[in-house]
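Peer 1: with the input below, show me the fold.
(chains A and B)
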Amino acid sequence: MFELIFPPAFILILGAFLIGPIRAPLRPLIVLGAPLLTLYAIWQMGDGILMTAQFLNYEIQLIESSPLRRLFATIFAIMALVGGLFAFRQAKWWELAAAQAYAAGAIGVSFAGDLITMFLFWELMAIFSTVVVWCGGTEGARKAGIRYAIMHLVGGVLLKIGIEGVMVHTGSIEIQPIPLTNIDGWLILIGVLINAAAPPLSAWLADAYPESSPSGSVFLSAFTTKTAVLALILLFPGQQILIWIGLYMIFYGIIYALLENDMRRILAYSIVNQVGFMVCGIGIGTEMAINGASAHAFAHIIYKALLLMSAGSVLYMTGRRKCSELGGLYHSMPLTALCGIIGALAISAFPFTSGFISKSMISQSAADQHLMMVWLLLLAASAGVFLHAGIKFPWFVFFQKDSGLRPKDPPWNMRAAMVLLAAGCILLGVFPEWLYRLLPYPVDYVPYTASHLVTQLQLLLFSGLAFFALLPLMKRTLTISLDFDWVYRRLILSLINRLISLLSHLNTALRNISSRVFSIIWSYIGKHHGPEGMLARTWPTGSVVTWVVVLLTVFLLFSIY
Amino acid sequence: MTNRNSAPNDAQKSWLYRPENHKKLWWGFGLILAATVVVQLFVSVHGHFGFDGWFGFSAAFGFLSCALMVVFAKLLGYLLKRPDNYYDDDV
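Peer 2: Numbering: from 1, shown residues only, chains lettered A, B, ... in the order given. Here you go, the predicted structure:
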């Protein structure tokens, strides 16, 4: 084995450059080979700062490795690989290249040893995730991509101002916990939280992700929000405010997903919900909670990608995305339905799936800290996850009524990617120690106790009862739900329009007034200076002579005396 | 919702969609639900806060919290729902 100290992110960047120019038959080699090589590079690195460089008179640390960073980089590389497998025969080459550059950004952030390196890779992600959104190829995707880009550039600017503040005030660009004692810390926190889809700026996620291509949403679901989770763990562990932000995200995701009709938008809201669990765990901040948040990020990326692959397969085969137009597909798409159900069970934290062994660590950490209210809310949220993602998605897409559609399962590479991830969901659930071994802190937690199994099954199955009992209340409607994006897509726009019309009214009014005032002044001047005016009249020669005589007389009198 | 193709008659429908099977499905589901609660008689559930170890606590809490969320979402829907072409004239 040779020692390879080369930033793993650069392998994917190189891959992204090669995908376009290389001959089409060789493309799969890059799409699948580059992530594999990246995985290898990640796993033969030791801990600590491994590579530095000079940038603008700062010594930046291109690679700083630790178990936590390696965990996130690993799952990002796995997603680049399996997402590539899902996409490589159907997606356009520029989507594959953009996705690889996007993954490179995520892995670069994972290993960034300082704030400057982090920021550079952060913006790489912003740029290429926007390209992935645009690869949706529709007018809707173009517009959503622009809104997405604006939101992330704003977040990037806030982050950059915060980073510069930290550099100026502390002289250090190290990545370390930042106190929220001045504006610098807050700006960095806000910049990171925008990428985590935290309130109030969370609407970009459900706005943009469902507009991407069937494979694009798979890539999008994995990287941006989870690098934000990693950044929060590194920069703001144990910040209490994150508990409440996380809880808000959890319930926001559930409620909006319950109202939603577009199957991929349901899953997009559910990303916010799941990231909420992680943010809440980071806010609790104990070793158990950070372990839980990290494990949950790892498990979540797998089952959410699986769910979006399942939804993407349905979209690819039927061209439809609305629950009200789908249903009954389990018969003709058995594998897609099965994989979708496994993903749904995993996100709901059913025993023997990956969600069960990761999410419960976060709840446990809340109980250990005696945070009763937080624990109760997390428990209600766990039930709610089953409601909005665990049953709602598979029920309305694969069961519900017979929509009359008879699509087949998707092509082999899409099926293979789904089977791989479904296997991952179950294997992690059955062998939790595989994941626990990779976590940042030693794990002192046993997920499989009789008590935990019984309470979890009660919780989930009775949520299922609530779903079917209240099904009439959840009848699908051809609607969207207003979110905070209404403020910048409608309110601010209408305020600007109103301001413009107000200004134009003001303009006409001022013109009227000024023309009236002018006409008054004009007529006054005209009275004296006009053709008939006193001062403009032609004077008769006689009167001029008289005045000259008067003048000369006065002059004569002055000169005599 | 209307079907795209002619609606299959009851004999052609798959097992899941035949009305006579709905009752069986509900009974099966009910039995499973009951089993998860009854099993608590034999498994000691230790709660962290006391009340969470009560008999059937998780079942009741799961059902009630979900019912509450569904109803809350329904009510919020009256306020927030718009036709899905609401933003179509966006620039």
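Peer 1: phi, psi of residue A:49?
Peer 2: Here is the backbone geometry of residue A:49 (degrees, to the nearest 10): phi -80, psi 120.
Peer 1: leaving out sequence neighbours, find the closest residue to residue A:199.
Peer 2: residue A:248 (5.3 Å; Cβ to Cβ, 6 or more residues apart in numbering or on different chains). Placement of C-beta: from N, CA and C, glycine included.
Peer 1: how far away is the one you found from residue A:254?
Peer 2: 11 Å (Cβ to Cβ, to the nearest Å).
Peer 1: so what's residue B:71 closest to, chain neighbours aside?
Peer 2: Of all residues not flanking residue B:71 in the chain, residue A:473 sits nearest, at 7.0 Å (Cβ to Cβ, 6+ apart).
Peer 1: hey, where'd the helices end up in the stretch 151-300 of chain A?
Peer 2: A:183-195, A:203-208, A:216-235, A:241-259, A:263-284, A:287-318 (DSSP state H, counting those that start in this stretch).
Peer 1: with the stretch 401-550 of chain A instead?
Peer 2: Going by DSSP H, counting those that start in this stretch, the stretch 401-550 of chain A shows helices at A:412-430, A:432-436, A:450-469, A:485-486, A:492-529, A:541-560.
Peer 1: closest to residue A:544 out of the helices of the stretch 151-300 of chain A?
Peer 2: Comparison of those against residue A:544 by Cβ to Cβ identifies helix A:183-195 as nearest, at 80.1 Å.
Peer 1: of all the residues in the closest one, which ones are buried?
Peer 2: A:184-185, A:187-195 (16 or more other Cβ atoms under 10 Å in any protein chain shown).
Peer 1: helices or strands up against it?
Peer 2: helix A:139-170, helix A:216-235 (3 or more Cβ pairs under 8 Å, 6 or more residues apart in numbering or on different chains; DSSP states H and E).
Peer 1: that helix vs helix A:139-170, what angle?
Peer 2: On the basis of axes from the mean of the first three to the mean of the last three Cα atoms, to 10 degrees, helix A:183-195 is oriented at 160 degrees to helix A:139-170.
Peer 1: can you list the neighbours in contact with helix A:183-195?
Peer 2: Residues outside helix A:183-195 that contact it (Cβ atoms under 8 Å, 6 or more residues apart in numbering or on different chains): A:122, A:151-152, A:154-163, A:165-166, A:169, A:178-180, A:201, A:224-225, A:227-228, A:231-232, A:235-236, A:239, A:245.
Peer 1: in chain B, where's the longest helix?
Peer 2: helix B:57-80 (DSSP state H).
Peer 1: run the chain-centre distance for it.
Peer 2: Distance of helix B:57-80 from its chain centroid, counting by Cα atoms, centre = their mean, to the nearest Å, is 11 Å.
Peer 1: in that helix, what counts as buried?
Peer 2: For helix B:57-80, using 16+ other Cβ under 10 Å, the buried residues are B:57-59, B:61-63, B:65-67, B:69-70, B:73-74, B:76-77, B:80.
Peer 1: list just the nearest of those to residue A:488.
Peer 2: residue B:80 (16.3 Å).
Peer 1: what about the closest one, distance to residue A:481?
Peer 2: Look at residue B:80 and residue A:481: by Cβ to Cβ, they are 4 Å apart.
Peer 1: what residues are shared contacts of these two?
Peer 2: residue A:259.
Peer 1: picking up where we left off before, can I get the helices of the stretch 401-550 of chain A in CSV including mean neighbour count, distance to residue A:335 and mean pLDDT?
Peer 2: Below are these laid out as CSV (neighbours: other Cβ atoms under 10 Å in any protein chain shown; distance: least, Cβ to Cβ, whole Å; pLDDT from 0 to 100):
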stretch, mean neighbour count, distance to residue A:335, mean pLDDT
helix A:412-430, 20, 6, 95
helix A:432-436, 17, 25, 93
helix A:450-469, 21, 23, 91
helix A:485-486, 18, 36, 86
helix A:492-529, 10, 45, 91
helix A:541-560, 9, 114, 90
